[in-house]
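Trainee: Dropping the sequence and predicted coords here.
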Amino acid sequence: MDSLAPYIRPGVIGVMIFVAFNALIIASAILVLAERKLMGFMQQRYGPYLTGPHGTLQPIADILKLLFKEELRPKGADKYLFTLAPAIAVVAAFTAFATVPFGPETTFFGLLEEPIKLGIADINVGLLVVFAATSMGVYGIVIAGWSSNSKYSLMGGLRASAQMISYELAYATSIAAVVLLAGSLSIREIVDGQSGYWFSVIPRWYLFLQPLGFLIYAIAGVAETNRAPFDFPEAEQELVAGYNTEYSSVRFALFPQAEYINMTTMAAVATDLYLGGWHGPFLPAGFGWLWFLLKVAAILFFYIWMRWTVPRYRYDQLMQFGWKWLFPASVLNLLVTAALVLYFNV
C-alpha cells in the first residue's frame, strides 16, 4: 500500500475531475427534463411521458435526435468561427465550474492518508476565476451571431453583449460585498466563514447579512445566463432563435448545454457565497456535499419556476432596470457593507 501512496492522491483527483465533468453533463440532461415536467405541471398538462417511465428517457431521445441530424451552415457564414463559437461557449461554461468547491475535506473513508478537498482546483482567488470564465462565455454567443451571416443571429449576439455588460457590473458588485465580509477571494474560505450558528439556532450564512446582495446576485445571474424573463439574445417572438437561429445538430446542442452548465455554476456559487455551502445540520461533516446538492437544486428550481411565471420585459426596460435600479442598488449595498465592516472592525 505504501508503494502505491504517491499514485493514489493524483488518481483520486483525476477521478474527481472525471466525476465533476460528467456530473455537469448529466445535470444538464436532468434540468431539461425537470424544466419540461415542471412547465407541464404549471400549465396543467403532463409534459413528456411517452419516452421511458414517465418520460424520464426524453433527454436521451433528444440527444440522439440531434446527433443524427444533418449539420447545416449558411452559405455566407464564416465556417471556422461558425464552428468555433459553440465550442467557446461550452468550454467557458466548464472552466467556470473548475474552482467551485462542493464539499469539505475528506479522506474517502480512510483511502487517503491526508484529507483532500472536494473540488477540482482550490485557488486563493477562485472567485476571480469564476468571474473571468463566466464573462468569456458571451464571446461564443457574439461570434455565433456575427459568423452566421444572418440579421436575426447578429441582433441576438449584440443583445447578449449589451446585456452582459449591463448586468455584469451589478453581479460583480454584489459579490464584492461578500468578499468584504469574508476578507478573502477564496471560495472555500468564504464557505468556512459561514460555519456555525448565531444564538445556537441561526446559521451564519451571508444570506442573512446580505439579503439585498443575494437578491441582486440572483437577478443578475438570471440575466447572465440569458434565461427568461431576460432571454433577449434568443427572443423567439422577434428573433426566431437569436444567435443560434442558423445552427443545427451537435453545434446547436452545445449552446443549451452551455446555458444549463452556467445555470448550475451560478447556483453552486450562490450556495457557496450566501447559503453556507456544504454546512448544514443533521448530517456528518463528511456528507456535507449532500447539503450542497440540495441547496443547488433549490436554486435551480427557482430558475425554472421564474421562467414560467414572470412575463418578459421589453428590451429597453431590461437596460433601464440594469443601469438605473440594479447597479445603483448594488453599489449602495457595497458602500453600506464597507462602512459596517469598518465600523465594527470585522
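Mentor: Arrived safely, thanks for sending.
Trainee: I figured residue 209 hits residue 182, correct?
Mentor: No: contact criterion CB atoms under 8 Å: residue 209 and residue 182 do not qualify, at 10.4 Å. Where C-beta positions appear, they are placed from N, C-alpha and C, glycine not excepted.
Trainee: Of those two, give the one with the bigger neighbour count.
Mentor: residue 182 (20 against 17; other CB atoms under 10 Å).
Trainee: In contact with that one, which residues are there?
Mentor: Applying CB atoms under 8 Å, 6 or more residues apart in numbering, we find residue 182 in contact with 189, 190, 193, 206.
Trainee: Let me know the distance separating the first one from residue 337.
Mentor: Translated: residue 189. Residue 189 is 18 Å from residue 337, where distance means CB to CB, to the nearest Å.
Trainee: who has more neighbours, the two?
Mentor: Using other CB under 10 Å as the criterion, residue 189 and residue 337 rank with residue 337 on top: 22 against 16.
Trainee: And the contacts of the helix or strand containing the more buried one?
Mentor: According to DSSP states H and E, residue 337 maps onto helix 327-344. Here helix 327-344 makes contact (CB under 8 Å, 6+ apart) with 166, 169-170, 173-174, 176-177, 180-181, 210, 212-213, 216, 346.
Trainee: Out of those, the closest to residue 64 would be?
Mentor: Proximity of these to residue 64 (CB to CB) peaks at residue 166, which lies at 38.2 Å.
Trainee: any idea how far residue 169 lies from residue 268?
Mentor: According to CB to CB, residue 169 stands 22 Å off from residue 268.
Trainee: More neighbours: which of the two?
Mentor: Each of residue 169 and residue 268 has its neighbours counted (other CB under 10 Å); residue 268 has more, 26 against 17.
Trainee: Nearest residue to the more buried one in space, ignoring adjacent ones along the chain?
Mentor: Nearest residue to residue 268, sequence neighbours excluded (CB to CB, 6 or more residues apart in numbering): residue 100, at 4.9 Å.
Trainee: What score does the one you found have for pLDDT?
Mentor: As predicted, residue 100 sits at a pLDDT of 92.
Trainee: for residue 202, same thing?
Mentor: 90.
Trainee: again, but for residue 236
Mentor: In this model, residue 236 carries a pLDDT of 65.
Trainee: Show me which helix or strand of this structure is least confident by mean pLDDT.
Mentor: Using mean pLDDT, DSSP states H and E, the weakest-scoring helix or strand in the chain turns out to be helix 236-239, at a mean of 64.
Trainee: Following element in sequence after that helix, please.
Mentor: helix 249-274.
Trainee: ok, now which ones touch the closest residue to residue 233 other than its chain neighbours?
Mentor: In this structure, residue 233 finds its nearest non-sequential neighbour in residue 160, 3.8 Å apart by CB to CB, 6+ apart. Neighbouring residues of residue 160 by CB under 8 Å, 6+ apart: 138, 141, 142, 145, 226, 232, 233, 242, 243.
Trainee: Columns neighbour count on top of these, output as TSV?
Mentor: Output for the contacts of residue 160, formatted as TSV (neighbours: other CB atoms under 10 Å):
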residue	neighbour count
138	23
141	31
142	21
145	29
226	26
232	24
233	27
242	27
243	32
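Trainee: so which of the contacts of residue 182 is the most crowded?
Mentor: Counting neighbours by other CB under 10 Å, residue 190 comes out on top of these with 26 neighbours.
Trainee: Buried ones in stretch 21-38, by neighbour count?
Mentor: By 16 or more other CB atoms under 10 Å, the buried positions in stretch 21-38 come out as 24, 27-38.
Trainee: Is residue 221 in contact with residue 270, as I believe?
Mentor: Yes: here residue 221 lies in contact with residue 270, judged by CB under 8 Å, at a distance of 6.9 Å.
Trainee: Comparing the two, which residue is more hemmed in?
Mentor: Neighbour totals were compared for residue 221 and residue 270, and residue 221 leads with 24 against 20 (other CB under 10 Å).
Trainee: hmm, who's touching stretch 307-323?
Mentor: Against stretch 307-323 from outside (CB under 8 Å, 6+ apart): 35, 38-39, 42-43, 159, 162-163, 166-167, 170, 223, 227-232.
Trainee: switch to 6 Å and redo it
Mentor: Around stretch 307-323, the neighbours that count as contacts under CB atoms under 6 Å, 6 or more residues apart in numbering are 39, 42, 166, 167, 227, 228, 229, 232.
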